[in-house]
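*Asks:* Prediction below, plus the sequence it came from.
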Amino acid sequence: MTAVAPPRNLPESETLLLAKTDFQAFLDQLWQGGYRVIGPTIAQQAIVYDEVRRVEDLPRGWTDEQRGGQYRLKRRDDDAWFGFVVGPHSPKRYFFPPQVAVAQADRTANGWQFSEVPDQEPPYALLGVRACELGAIAVQDRTFINEQYVDPIYRRRRERALIVAVNCTQAASTCFCTSMKTGPRCTKGFDLALTELPDSFTVEVGSDRGEEVLSTLPTIMATPSMLRQAENVRQQAVDQITKRLDTKDIRDLLLGSLEHPRWDEVATRCLSCTNCTMVCPTCFCSSVKEVSDLTGDHVQREREWDTCFNWDFSYMNGGIVRNQIRSRYRQWLTHKLASWIDQFGVSGCVGCGRCITWCPVAIDLTEEVAAIRENPA
Amino acid sequence: MSVPASSAIAENPWLGQSVEIDAITPELPGVATYHLRFRDAELNSRYRFRPGQFNMLYLPGVGEIAISLSAANDISGTWDHTIRVAGNVTRTLAGLGVGGKLALRGPYGTSWPLDECAGADIILVAGGIGLAPLRPAIHAALAQRKRFGPTTLLYGARSPDMLLYRRDYEAWTDRGLNMSATVDRFQPGWSGDVGVVPLLVDRLRPLKPANSVMFLCGPEVMMRYTVRSALERGLRKDQIWVSLERNMQCAVGLCGHCQLGPAFVCKDGPVFRYDRIEPFLNVEGL
C-alpha cells in the first residue's frame, strides 16, 4: 500500500521517553513543521477530534463512560491526558471528509469546463489515534487506494499525514478490539506511538518520518522500569475488555443467513437513524450532490457521507431496492462483517464499539451475530 | 494506478471529458439514442469500449447517470447511448438537443464475454430497453459471424410500438441473426408472438444447450423467469450472463451505492456470470 510508510520494528530497548513538560514543545514543533495537529478535545460533552495547539486543549482529567446507547464524560481521579477510550469522531473524517468538493464545472462561451478542486488541506498530524483506529485506517486504505481506482483526496491526505498513536490504558464496556485483532496495543501503522505514564510518555518510533519529528526533542531512552510500567498500564486495557465477537466462519455464517428471522426482529428495534454508520471509522459510503452558485455558471460536485440506512440510498428508477429497515440493517451488518472480506480481504469491523455506544436503542452487533450463530437459518 | 490509454477515465475518477451531442435518433416515446462525440478529436479517435460496458454522463448542476453504450457508430465516429427519460438528468438531457454539451467518463464495468465464447451458439435475450446494452454484442457477433455458432436474439417489449431499434432488424437478420420478438399487448398489424420473453426460450428450436451461451438484460423479474426457462432447456448456470442495474454515483467502487452482496455492480458487473451472482440476486431487498 503506497500510503503507508515502511514499518520499522525497533526493539523495545529503543523506546524513548518524552516528559509531559516537553509535550508543548512537541506540539509547537508539529505546527511549525507545517502540520495541522488534530487530536482529542472536548466539545458538546464528548471527546471529539479537533485542532490541538496547546496541551490545555487535550481532555486532561476527563474520561468517558460508555455502554450500549450511552456516552458520558466524567471527571477522573487523576489528570491523565489520554485517559478515555474513543469518542464519536475517528480519523476517517480527516482522510475521507464528511463533505468535500470532488470536481467542479464552469460555464464558458465554449461550453462547460470541467476541473478538479485542489485540496488545500495542510498535512495532518493526527494525535491520540488508538489501535482500533489504526486498524480502521488500514481498512480504509484498501477501499480508497485499491488496485483499480484511487480516491485522490484520500490518498493525498493519507500520504502526507503524521500519525501519533496513543496506546489505550483502559477499555469501555463496548470495546472488542481483541476479538477483531486490532488492539488494544498499537503495533503498526503509526509514525509514533505513545504510552502515557504519570509524568511522561514512552515513545515508540514507527517510521523515519516519526523519528525525524522526534529528533529535536529532548527525549531519553526509556529505562526497563519505565517500560514495565508502560506494559502494566497497557495491560489494564486488555484486562478490561469483556465484550467478544466470535468471528469464526463469520462470512459464511452471515451470507448464509440472509433470510434469518433475526433481521425481522432487529428491524423492530432499529430506527434506521444512521448513527452507527456515521460514527463507524470504516464506513465509506457517500453521495455526490450538485451545488450551483446563484448564477448557475459555477457548479461544485460535493461528496457527502451517505449511509445504507438512508431510504433513498438504493433508489433506482425501478424503485427502492432496500425499502425496509430489515433490508438496511442486514446490508449494514453483512457488509461490515462478511462481504467486506470478499471485497477487501479484511473485516470492515475493528471492534471500536462506537456503533453500540451511539445507537439510540443500544443495538449491539455482537449480540446480533451471536443470536444468528445460536440459531443458524 | 494505470489507466488504459483508450479510456476517458482520468486519474481523478470524478473528472469527466467534454462531449457534444452530434445527433439524436428518436427511438420510442421518451426514448432516444444520443450520438456523442468527444470534443477532443484525438480522444474521440482512440476511445474504445467492450460490449456491455457503461459510461457516466454528467450534466453540471443536474447530476450524473450510468448509461450503457448501445453502439460505436463507425461512420459518424460517435459513441451511442440509448436513454429513456426517467429522472432529472435524463429529462434535462432530452431537452438539450444537437450541439448540447455534457461530460462523459468511462467506460466502466465488465462486458459480455464474447472472447470466451468463440464457437458457441449465442442466445441474446432482452426485455424492453434492455436491448440497448446488448446491441454492441449483436454488432460484434455479427461482425465476426464465423467465430460463433448460430446467434439468436429473443426480444420482448410491452407492445409492438415499443420494440427498440426496429430499423436495425432487417440488416441484423440479413447478416445472419435469428430473431424472435414477443409483446405483452397485441396491436393491429402485429403478426409475431404475444406473451412474455421466457416463452421464446421455451420454444427456441433448434437449441444445443451444451454448446450455447445466453446473454440476458432486462427487468430483474424477466431475467429470473428467463433463467428458469433456460435451465429447463438444459443450459447450465455458468453458461448464462446477466447485466444488472443499481444506483451508481462513482462507478469506481468508492461510493458504496451499487452493492449487491459482495459485488460492486459498477466494477464487478454490470455483466455477471449467473452462477456467481445468483445467491444474492434472488434475495428480496438485498
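*Replies:* In hand now; what should we look at?

*Asks:* switch to C-alpha atoms for all contacts and neighbour counts from now on
*Replies:* Fine.

*Asks:* Can you list the residue ranges for helices in the stretch 1-150 of chain A?
*Replies:* A:23-32, A:92-95, A:131-144 (DSSP state H, counting those that start in this stretch).

*Asks:* would you put the C-alpha positions of the second one in PDB?
*Replies:* By that I understand helix A:92-95. Extracted as PDB, the C-alpha positions of helix A:92-95 are listed here (Å, rounded to 0.1, in the frame of the first residue of the first chain):
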ATOM      1  CA  LYS A  92     -11.900   8.900   9.000                       C
ATOM      2  CA  ARG A  93     -13.300  12.500   9.000                       C
ATOM      3  CA  TYR A  94      -9.900  13.800   8.000                       C
ATOM      4  CA  PHE A  95      -8.900  11.500   5.200                       C
END
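
*Asks:* That helix and chain B in contact?
*Replies:* No: when contact is scored as C-alpha under 8 Å from any C-alpha of the partner chain, no part of helix A:92-95 falls within range of chain B; the minimum is 13.7 Å.

*Asks:* hmm, back to that, which one of the helices of the stretch 1-150 of chain A lies nearest to residue B:59?
*Replies:* Nearest to residue B:59 among the helices of the stretch 1-150 of chain A is helix A:131-144 (25.3 Å), distances taken as C-alpha to C-alpha.

*Asks:* thought residue B:225 was touching residue B:198?
*Replies:* Yes: with contact defined as C-alpha atoms under 8 Å, residue B:225 reaches residue B:198; the gap is 6.1 Å.

*Asks:* okay if I get the helices of the stretch 1-150 of chain A as JSON lines plus mean neighbour count, distance to residue A:85 and mean pLDDT?
*Replies:* Formatted as JSON lines, the helices of the stretch 1-150 of chain A follow (neighbours: other C-alpha atoms under 10 Å in any protein chain shown; distance: least, C-alpha to C-alpha, whole Å; pLDDT from 0 to 100):
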{"stretch": "helix A:23-32", "mean neighbour count": "16", "distance to residue A:85": "21", "mean pLDDT": "97"}
{"stretch": "helix A:92-95", "mean neighbour count": "19", "distance to residue A:85": "16", "mean pLDDT": "98"}
{"stretch": "helix A:131-144", "mean neighbour count": "24", "distance to residue A:85": "10", "mean pLDDT": "98"}
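
*Asks:* Reformat those as TSV; add distance to residue A:237.
*Replies:* Converted to TSV, those look like this (distance: least, C-alpha to C-alpha, whole Å):
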stretch	distance to residue A:237
helix A:23-32	24
helix A:92-95	23
helix A:131-144	11
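
*Asks:* Neighbour count: residue B:225 and residue B:198, which is higher?
*Replies:* Shown here are residue B:225 and residue B:198; by other C-alpha atoms under 10 Å in any protein chain shown, residue B:198 has more neighbours (23 against 16).

*Asks:* That one - that's part of a helix, no?
*Replies:* Yes: judged by DSSP: H, G, I helix; E, B strand; the rest coil, residue B:198 forms part of a helix.

*Asks:* Which residue, other than its chain neighbours, is closest to it?
*Replies:* In space, and not counting its chain neighbours, residue B:198 is closest to residue B:226: 4.5 Å by C-alpha to C-alpha, 6 or more residues apart in numbering or on different chains.

*Asks:* What segments of the stretch 1-150 of chain B are strands?
*Replies:* B:17-28, B:31-38, B:54-59, B:63-68, B:71-73, B:78-84, B:101-108, B:121-127 (DSSP state E, counting those that start in this stretch).

*Asks:* Out of those strands, which gets the lowest mean score?
*Replies:* In terms of mean pLDDT, the lowest-scoring of the strands of the stretch 1-150 of chain B is strand B:71-73 (a mean of 92).

*Asks:* Partner strands of it, with direction?
*Replies:* Here strand B:71-73 has these sheet partners by DSSP bridges: strand B:78-84 (antiparallel).

*Asks:* what sits up against stretch B:90-103?
*Replies:* Residues outside stretch B:90-103 that contact it (C-alpha atoms under 8 Å, 6 or more residues apart in numbering or on different chains): A:111-112, A:114, B:16-24, B:32, B:57-60, B:62, B:83-85.

*Asks:* buried set for it?
*Replies:* Within stretch B:90-103, the residues scored as buried using 16 or more other C-alpha atoms under 10 Å in any protein chain shown are B:90, B:93-94, B:100-103.

*Asks:* what's the farthest-apart pair in these?
*Replies:* Farthest pair in the buried residues of stretch B:90-103 (C-alpha to C-alpha) is B:94 and B:103. Separation: 15.0 Å.

*Asks:* Could you find the residue in the stretch 51-200 of chain B that comes nearest to chain A?
*Replies:* Taking C-alpha to the nearest C-alpha, chain A has its nearest neighbour within the stretch 51-200 of chain B at residue B:61, 5.0 Å off.

*Asks:* contacting residues around that residue?
*Replies:* Taking C-alpha under 8 Å, 6+ apart as the test, what residue B:61 contacts is A:290-292, A:296, A:299-300.

*Asks:* And the residues you listed, which is closest to residue A:121?
*Replies:* For the contacts of residue B:61, the nearest to residue A:121 is residue A:300 (17.6 Å; C-alpha to C-alpha).

*Asks:* Apart from its chain neighbours, what residue comes closest to that closest one?
*Replies:* Nearest non-adjacent residue to residue A:300, counting by C-alpha to C-alpha, 6+ apart: residue A:104, 4.4 Å away.

*Asks:* how near is the one you found to residue B:58?
*Replies:* For residue A:104, the distance to residue B:58 equals 11 Å [C-alpha to C-alpha, to the nearest Å].

*Asks:* ok, what's across the strand from residue 65?
*Replies:* If you meant another chain, say so; for now it's chain A. Note on residue A:65: beta-bridge partners by DSSP bridges are residue A:72.

*Asks:* You answered for a different chain; I wanted chain B.
*Replies:* Beta-bridge partners for residue B:65, by DSSP bridges, are residue B:57.

*Asks:* Domain boundaries for the chain, per the record?
*Replies:* Using chain A here. A:12-240, A:250-374 (automatic domain parsing).

*Asks:* wrong one, chain B
*Replies:* Per automatic domain parsing, the domain ranges recorded for chain B read B:17-108, B:114-281.

*Asks:* Quick one, which of those domains gets closest to residue A:278.
*Replies:* Of all the domains of chain B, domain B:114-281 comes closest under C-alpha to C-alpha, at 14.2 Å.

*Asks:* Any stretches of chain B with poor pLDDT?
*Replies:* Flagging of chain B using pLDDT under 70 yields the residue ranges B:1-6.

*Asks:* Determine the longest strand present in chain A.
*Replies:* In chain A, taking DSSP state E as the definition, the longest strand is strand A:99-108.

*Asks:* Can you give the contact residues for that one?
*Replies:* Here strand A:99-108 makes contact (C-alpha under 8 Å, 6+ apart) with A:112-117, A:153, A:297-305, B:14-15, B:60.

*Asks:* Quick one: name the residues of the stretch 1-150 of chain A near chain B.
*Replies:* So the stretch 1-150 of chain A meets chain B at A:102-103, A:105, A:111-116, A:143-144, A:147-150 (C-alpha under 8 Å from any C-alpha).

*Asks:* Go ahead and build a ChimeraX selection from the buried members of the residues you listed.
*Replies:* Here is the ChimeraX command that selects the buried residues among the residues of the stretch 1-150 of chain A next to chain B (16+ other C-alpha under 10 Å):
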select /A:102,103,105,111,112,113,114,115,116,143,144,149,150
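
*Asks:* From the residues of the stretch 1-150 of chain A next to chain B, which shows the smallest pLDDT?
*Replies:* Within the residues of the stretch 1-150 of chain A next to chain B, pLDDT is lowest for residue A:147, at 83.

*Asks:* Next, find the distance separating the most far-flung residue of chain A relative to its centre from residue A:63.
*Replies:* Here chain A reaches farthest from its C-alpha mean at residue A:109, the gap being 45.2 Å by C-alpha atoms, centre = their mean. Applying C-alpha to C-alpha, the value for residue A:109 to residue A:63 is 59 Å.
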